[in-house]
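Peer 1: following is a predicted model, sequence given first.
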Amino acid sequence: MNRIIVAPSILSADFASLKDDIEKVEKAGADWLHIDVMDGHFVPNLTIGAMVVKSLRKYTKMFFDTHLMISDPKKYWKDFQKAGANLITIHKESNDISKAFIQEIKASGVKAGISIKPQTPISQILNLLPILDLVLIMTVEPGFGGQPFMEDMLEKIKELNSIINKNKYNCIIEVDGGINAQTAPKCVQAGATALVSGNYIFSSQNIPEAIQSLKNF
Ligand code: DX5
Ligand code: ZN
């Protein structure tokens, strides 16, 4: 089995002390930092922009896994790349997503991912798979942290995993939404190797233990 990557979502951190909370998860053994960007249009919530990412970049070397839940990623992705993102994940349901756009992101030197909402089937991203570094399967409706995991997404993860394996694509599967010690093993068994987790990690009294519980089961 591949190494499991745990990516705490800062959506559940204390926004008044982001720097300290990031340091906390970094010391606790987190692999990536998941940064949820919402525009109040693609999803009914507003979070942070590239300026915040740029400020945080000064304080940590963590891998910034940037999840753009925005309608117009073409207009804004470069701001996040310049701000220090390491992976830029855009949504298939956003405007104007093409192979050329993914290539453009990759050519800038960052990794490129595509995310799909629960209602979007794998068939809609088949043509992009050969060039993607990552597919982010949403296991909740995007917009808010702390929602329950949608069990029926496990089949989708399995389907994607078998397509990736069959074609030997160099693409990893990440899951996002309702990930905790109960749901993580199911996702890993289905083929996910990167796990985003917000509420479970940040509400824990023992963050190192919470992170470990997502890797060792
Ligand atoms: C939801 C975000 C997630 C969210 C996950 O739209 O993309 O990253 O923060 O939070 P939990 O783990 O609390 O479901
Ligand atoms: Zn996310």
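Peer 2: Good, I have the coordinates. Numbers count the residues shown, from 1 in each chain. Ligands and ions are numbered 1, 2, ... in the order given.
Peer 1: off-centre distance for the top helix by length along the chain?
Peer 2: If you go by DSSP state H, the chain has its longest helix at helix 153-167. Computed by Cα atoms, centre = their mean, to the nearest Å, the chain-centroid distance of helix 153-167 equals 17 Å.
Peer 1: elements contacting whatever helix or strand comes next after it?
Peer 2: Later in the chain than helix 153-167, the nearest helix or strand by DSSP states H and E is strand 172-176. Secondary-structure packing of strand 172-176 (3 or more Cβ pairs under 8 Å, 6 or more residues apart in numbering; DSSP states H and E): strand 5-8, strand 134-138, helix 153-167, strand 194-197. Glycine gets a C-beta too; all of them are placed from N, C-alpha and C.
Peer 1: can you redo those as a markdown table with distance to Ser94, mean pLDDT and mean neighbour count?
Peer 2: Output for those, formatted as a markdown table (distance: least, Cβ to Cβ, whole Å; pLDDT from 0 to 100; neighbours: other Cβ atoms under 10 Å):
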| stretch | distance to Ser94 | mean pLDDT | mean neighbour count |
| --- | --- | --- | --- |
| strand 5-8 | 21 | 98 | 26 |
| strand 134-138 | 13 | 99 | 25 |
| helix 153-167 | 19 | 98 | 16 |
| strand 194-197 | 18 | 98 | 28 |
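Peer 1: so which of the ones you listed gets nearest ligand 1?
Peer 2: strand 194-197 (4.7 Å; Cβ to the nearest ligand atom).
Peer 1: got a list of contacts for the longest helix of the chain?
Peer 2: Under the criterion Cβ atoms under 8 Å, 6 or more residues apart in numbering, residues 118, 121-122, 126, 129-130, 135, 137-139, 169, 171, 173, 175, 186-187, 190-192 lie in contact with helix 153-167.
Peer 1: give me the buried subset of those.
Peer 2: 122, 129, 135, 137-139, 169, 171, 173, 175, 186-187, 190-192 (16 or more other Cβ atoms under 10 Å).
Peer 1: from the residues you listed, pick the one nearest Thr89.
Peer 2: For the buried ones among the contacts of helix 153-167, the minimum distance to Thr89 (Cβ to Cβ) is 8.7 Å, reached by Val135.
Peer 1: can you give me the strands in the protein?
Peer 2: 5-8, 32-38, 63-69, 87-91, 111-116, 134-138, 172-176, 194-197 (DSSP state E).
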